[in-house]
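> Return atomic coordinates for the entry below.
(one chain, ligands or ions: 2)
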Amino acid sequence: MSILKLVSSKAASEIDKELMGPQVGFTLQQLMELAGFSVAQAIQREYPLNQNRNKNGVFIIVGPGNNGGDGLVCARHLKLFGYNPIVYYPVRSKRTEFYSQLVNQLEFFQVPILSEEQQNKWTEYLEPGKIACIVDAIFGFSFKPPIREPFGTIVEELNKLEDKIPVVAVDIPTGWDVDNGPIENEPSYVPSVLVSLTVPKPCSQCINPKRTTHYVGGRFIPRHFAEKYGFEPYEYKGTDQILKF
Ligand SMILES: NC(=O)C1=CN([C@@H]2O[C@H](COP(=O)(O)OP(=O)(O)OC[C@H]3O[C@@H](n4cnc5c(N)ncnc54)[C@H](OP(=O)(O)O)[C@@H]3O)[C@@H](O)[C@H]2O)[C@H](O)CC1
Ligand SMILES: [K+]
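Residues are numbered from 1 along each chain as shown. Ligands and ions are numbered 1, 2, ... in the order given. The predicted structure is shown next:
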């Protein structure tokens, strides 16, 4: 257990920019690979593969931006870990060619992605006896309320489902304000697991530890860089990509 340290949404996007800027030179692909890998590791830790193999489904809801990209990467790693991921990707952005490459990789790994027709009945894929968890990779730190469709309806469904199937939030529970948490009169839900990436955002202070297990992941920051942004690097153990608070 280590002390929780936070950065604002503004600082989080500055950290991202600097990591991917000309001096540090990470590519988005590299960071996303590590981010998605961390989320898959947190899922494996919380919902280990079921020996009799009938509850190894993971339903991954993918948004149009980089949070969604983390979800696509996570799906591939879960498949390699032995789970049966299913991807629901309702709005595909053309912002970067990279997203379609991630989709090609999922096809190569034979991970099902719901077709348009299947998307109309996406909740039918959520059988509590078969699905270990749902992954919310809809929006991360660039979400600006109010939420637009189809995502408002999706979050309302997550709210109805949260007591039946655990939901794992990638970086931010979708619908929450990044700095202030759930927003009055806006759809929101309570995740069973939150995986904060790089460093927790302020909304993570709104989780109730009795209902939500909190991890940090995205292990790609050296000490001097963390200190520059005012937080201590986390003490990950061994080769772990995640640390539980
Ligand atoms: N360093 C790291 O920790 C890394 C984190 N990563 C992940 O990236 C996200 C942030 O990704 P970003 O692409 O900046 O943004 P989001 O995925 O959060 O969302 C952007 C898309 O969402 C749309 N949007 C925004 N608000 C709404 C809304 N109210 N309703 C509907 N749609 C919305 C937005 O559309 P626009 O038309 O408004 O542009 C975008 O399409 C971070 O949280 C991490 O998960 C990376 O993997 C890199 C490493
Ligand atoms: K999310």
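> partner residues bridging the spatially most central residue of the chain?
Centrality entry for the chain: nearest residue to the mean C-alpha point is residue 170, 2.0 Å, by C-alpha atoms, centre = their mean. Note on residue 170: beta-bridge partners by DSSP bridges are residue 195.
> what do you get for residue 87?
Beta bridges link residue 87 to residue 60, residue 113, judged by DSSP bridges.
> quick one: it from residue 241, how far?
Plainly put, residue 87 is 21 Å away from residue 241 if you go by C-beta to C-beta, to the nearest Å. For glycine as for every other residue, the C-beta is placed from the backbone atoms N, C-alpha and C.
> the more surrounded of the two?
Of the pair residue 87 and residue 241, residue 87 is the one with more neighbours under other C-beta atoms under 10 Å, namely 24 against 20.
> didn't the more buried one look like it was pressed against residue 72?
Yes. Counting by C-beta atoms under 8 Å, residue 72 is a contact partner of residue 87 at 7.0 Å.
> any shared contact partners between the two?
Common neighbours of residue 87 and residue 72, counting by C-beta atoms under 8 Å, 6 or more residues apart in numbering, are 60, 62, 106.
> I'd like those as TSV, with neighbour count and distance to residue 80 appended.
Listed next are those as TSV, based on neighbours: other C-beta atoms under 10 Å; distance: C-beta to C-beta, whole Å:
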residue	neighbour count	distance to residue 80
60	29	14
62	29	18
106	21	12
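> helices and strands of this structure: which one has the lowest mean pLDDT?
When each helix and strand of the chain is scored by mean pLDDT, DSSP states H and E, helix 9-19 comes last, with a mean of 87.
> Is there any residue in that helix that contacts ligand 1?
Yes. Under the criterion of C-beta under 6 Å from any ligand atom, ligand 1 is reached by helix 9-19 at residue 16.
> Show me what that helix is packed up against.
Helix 9-19 sits against no helix or strand, with contacts defined as 3 or more C-beta pairs under 8 Å, 6 or more residues apart in numbering; DSSP states H and E.
> Can you tell me which helices and strands the helix or strand just after that helix packs against?
Elements were assigned by DSSP states H and E; along the chain past helix 9-19, the next helix or strand is helix 28-46. Packed against helix 28-46 by the contact rule (3+ C-beta pairs under 8 Å, 6+ apart) you find helix 66-81, helix 97-108, strand 131-137, strand 167-170, strand 193-197, strand 213-217, strand 242-244.
> Determine which of the ones you listed approaches residue 15 most closely.
strand 193-197 (10.1 Å; C-beta to C-beta).
> OK, contacts around residue 242?
38, 41-42, 45, 195, 215-217, 219, 236.
> Please apply the same query to residue 126.
Contacts of residue 126 by C-beta under 8 Å, 6+ apart are 59, 134, 161, 165.
> if I look at residue 138, how far off is residue 73?
15 Å.
> State the pLDDT value of residue 54.
For residue 54, the model assigns a pLDDT of 82.
> Can you tell me the element it falls in?
Counting by DSSP H and E, residue 54 is part of no helix or strand.
> what does the chain put close to ligand 1?
Going by C-beta under 6 Å from any ligand atom, the residues of the chain near ligand 1 are 16, 31-32, 35, 63-70, 93, 139-148, 151, 170-171, 197-198, 218.
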